[in-house]
Every structure is written in C-alpha cells, then in structure tokens.
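Enquirer: Sharing a model prediction with you, sequence too.
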Amino acid sequence: MRPTDVRLEELLGTGVAAFYASFDLAPDPVGVSWAIRDVAGTICDFEAGYGNPAMARLFGVSVEQISGRRYVEEAPAFSEDDTFKTMREVVESGVPAVVETVVNRAGPIGPLSGVFAYRSIPFGRDGVLNMVSDITVQRRMETELERYAKVAAHDLREPLMAIKLFVEQLARRLEHGRDEDNERLIELLRRTGGRARLLVDGILEYARYDAVGEAETVDLGVLVSDVRDSLSAALLETRATVEVAELPSVAGNPSQLSRVFQNLIANSLKFRSREPPRVTIGAEESDGVWLLSVEDNGVGIPDELGDDAFAMFKRAHGEEYGGCGIGLAVCRKIVEAHGGTIAASPVPGGGTAIRFTLPAGSRPASR
C-alpha cells in the first residue's frame, strides 16, 4: 500500500491522484522532499515524501522504505553534500537548479554509486520536486572518447612522423639506386607502417564493445573449452597447460565473453617465463556475483602499474613484446558492460592473477 504524503495531499488536494498516476509511470527517479526547519527557521534537514517506483529501484529499497526518512538525521555527512545544498537553495530562493554529482557511498536512504544529474524544482511551501537522471554511462563514454583522442593522437604521431622521415631519406637514396641502406629503410617503413596499422586496428576493436547487446545464457565451461581449442596451436607451441575448474552459466554476450578469455589466455602465453606456461581458470560465487579468475606463472604485471594495466595502449613490458596494448582494455570494457569489475594482482612465486566479476543468477553448469 502506498505511504501517505500528507503535505503533498494538502498541497494538491484532489489533484494528487493525477500526480501519482503520472509520476509512478516515469522511467526516471522522481521524488518530493520537504524542508525541516530548526527553532530559528533555518533549514536543517529534509524529509522524504513521495518517491516513485524508479526512485525506489535506484536505491534498492521499496517505496514504503523511502517515505518519512530524514536525510541528515540518518546520515549527518549529507549536510555537506551538493544535493542537500542545492535543495536548500531552491527552497530559499524559489529558483530551480540542476546539480551533477559523483556518488560512491551509503546515503540516507540507501547505497548509491555513479554520476547523477539532479533537477530540483520549488514545490509549494518548503517542498522540492527532484528529478534524477543516471548519467554514469554517458560520462564514462565521454571520458573514454577523450582518452581515445589523446592516446590515438600521441601513439599514432610517432610512427607517422617516422614514416615521413624514412620516405624522405629513401627518396634521396634511391637517386643512386638500391643498396643495403635502402633495403634497411624499406624494412623500417614496413615495420613502422605495421605498428600504425596495429594501433588503428586496436582502436576499432576497442570501439566495437560499447554494449552487451541481447544477452543469452552462456555456459562458460563450454565457452572456455572452445577458446582453448581455438588456441590449440599456440598452446602446443609453448607447451602450455590450461586447467579449468567447474564454471557457471551466466547471462551475457557469448562472443564478447569469449574475447575476454581468449585475450587473457593469449596474454598468459605471450608473457611467459622460462617455464612452460601454466594457466588456471576458476570461479566462485560471492555476494551475489561470480568471481572468475585466470592465473598464470608468467613474467607478471609490474606492481606499480596498478589499474593502468587496463588502459588503452598500455604496454606493461614496453617494446619487449609485440602487440599494441589493447587486450586488457578490451577485457575491462566487456566486463564492465556486463555489470562487472576486473583487476590484476601478482601471484606468489611469480605470475599474474586476473579476477573479474559477472552477475550471479545461475549455478555451475553440469558436466
């Protein structure tokens, strides 16, 4: 049963039914907050009134759990929050306002994480109508696009300038016919052009994974088996072993999840130590998610690299190994598109453990 917002009903009278009917259907969170004043008449808190179903879903609570909550009383730090300050200013000035805020904490109603735009509108005496938009994905895409441009401009400039220099040198030398120095320049041109092509291909691959698309049930055990088969030649050449524990079925995009495991296993083969590569893949359920792990006994990722290991074109071992440094960045983009997180850590005795989460919902697939 809907909780009663007495002040809202007093304000709107018989029109409150139309208000409920309209905003209950709104896809974005909408709520009414009422100012609480101290004995001096200063706004010291806000009390939650009406909240639509989308608002309840945002905080992971029921509609009944929203009504009547006092924000600062339950979470004193909220008095310093931009959202609180904006609502207070809107009530005092009577002028609407918009605030964008980054949240990663437990708030007065429930835990919240992301980037949100709050549109606050004066609503009667001492009331604020808040309309909230989750713009987390939009801001992340904008950040990635900006990083795209910076990385592409920086990383492509060097090979393109080198190509220009080599062409000028080669043009001068060819006046006297082909010789050993000319052949060397031609080879450098080929290699530098190949490097530029790898960078462009990497950008295109990274851009391909913007969304999961239509999800389906994916048996990760079968998927990893297929990936292992596709890498059979490389596994044989490097004398590698891949041990796979019982893996779950999850909801996701099979081709994208296949790319994650293919990139991680291929990295284990590429960045191997003097010992034959040994890759161990496992899964465990924890706090409503599946924690997947891919561990190896390779050269490892430098500790100081941290989260930068997943940045575009980041090459942990410089020019010592081939590639353009896009593999882990693609893995992170796919995992995050599936609602998970990914991280790297060293393995005692040498090697790297890549751990990532996927939402739980299925038990381990039977074999």
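Expert: Structure's in. What do you need? Remember, predicted model here, so these are calculated numbers, not experimental data. Numbering: from 1, shown residues only.

Enquirer: Mind listing what's buried along stretch 125-143?
Expert: For stretch 125-143, the buried set under the neighbour-count rule, 16 or more other CB atoms under 10 Å, comprises 126-132. C-beta coordinates here come from the backbone N, C-alpha and C atoms, glycine included.

Enquirer: OK, contacts around residue 231?
Expert: By CB atoms under 8 Å, 6 or more residues apart in numbering, residue 231 lies in contact with 262, 265-266, 269.

Enquirer: okay, those in JSON lines with distance to residue 235 and secondary structure next?
Expert: Below are the contacts of residue 231 laid out as JSON lines (distance: CB to CB, whole Å; DSSP: H, G, I helix; E, B strand; the rest coil):
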{"residue": "262", "distance to residue 235": "12", "secondary structure": "helix"}
{"residue": "265", "distance to residue 235": "8", "secondary structure": "helix"}
{"residue": "266", "distance to residue 235": "10", "secondary structure": "helix"}
{"residue": "269", "distance to residue 235": "7", "secondary structure": "helix"}
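
Enquirer: For those, which single residue is the most surrounded?
Expert: Ranked by the number of neighbours (other CB atoms under 10 Å), these place residue 265 first, at 24 neighbours.

Enquirer: Touching, it and residue 279? I think so.
Expert: Yes - counting by CB atoms under 8 Å, residue 279 is a contact partner of residue 265 at 5.8 Å.

Enquirer: where do the contact lists of these two overlap?
Expert: Common neighbours of residue 265 and residue 279, counting by CB under 8 Å, 6+ apart, are 242, 294.

Enquirer: JSON lines please, covering the buried residues of stretch 125-143 and showing pLDDT and distance to residue 34.
Expert: Compiled in JSON lines, the buried residues of stretch 125-143 are given as follows (pLDDT from 0 to 100; distance: CB to CB, whole Å):
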{"residue": "126", "pLDDT": "92", "distance to residue 34": "6"}
{"residue": "127", "pLDDT": "94", "distance to residue 34": "5"}
{"residue": "128", "pLDDT": "94", "distance to residue 34": "8"}
{"residue": "129", "pLDDT": "94", "distance to residue 34": "11"}
{"residue": "130", "pLDDT": "92", "distance to residue 34": "11"}
{"residue": "131", "pLDDT": "93", "distance to residue 34": "16"}
{"residue": "132", "pLDDT": "91", "distance to residue 34": "17"}
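
Enquirer: buried ones in stretch 63-78?
Expert: Under 16+ other CB under 10 Å, the buried positions of stretch 63-78 are 63, 65-67, 69-72, 75, 78.

Enquirer: would you list every one of the helices in the chain?
Expert: Using DSSP state H, the helices found in the chain span residues 6-12, 16-24, 53-59, 71-74, 82-93, 136-173, 180-208, 220-230, 232-238, 254-270, 327-337.

Enquirer: Residue 285: which of these is closest?
Expert: Among the helices of the chain, the nearest to residue 285 by CB to CB is helix 220-230 (12.7 Å).

Enquirer: Just the C-alpha atoms of that closest one, please, in PDB.
Expert: Below are the C-alpha coordinates for helix 220-230, written out as PDB (Å, rounded to 0.1, in the frame of the first residue of the first chain):
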ATOM      1  CA  LEU A 220      31.300 -20.600 -19.500                       C
ATOM      2  CA  GLY A 221      32.700 -24.100 -19.300                       C
ATOM      3  CA  VAL A 222      31.800 -24.800 -22.900                       C
ATOM      4  CA  LEU A 223      32.900 -21.300 -24.000                       C
ATOM      5  CA  VAL A 224      36.400 -21.700 -22.400                       C
ATOM      6  CA  SER A 225      36.700 -25.200 -24.000                       C
ATOM      7  CA  ASP A 226      36.000 -23.600 -27.400                       C
ATOM      8  CA  VAL A 227      38.600 -20.800 -26.700                       C
ATOM      9  CA  ARG A 228      41.100 -23.400 -25.700                       C
ATOM     10  CA  ASP A 229      40.500 -25.300 -29.000                       C
ATOM     11  CA  SER A 230      41.000 -22.100 -31.000                       C
END
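
Enquirer: and that helix, what's its mean pLDDT?
Expert: Mean pLDDT, computed over helix 220-230, is 92.

Enquirer: Kindly list the longest strand within the chain.
Expert: Taking DSSP state E as the criterion, the chain has its longest strand at strand 111-122.

Enquirer: What pairs with that one, parallel or antiparallel?
Expert: With DSSP bridges as the test, strand 111-122 is paired with strand 97-106 (antiparallel), strand 127-134 (antiparallel).
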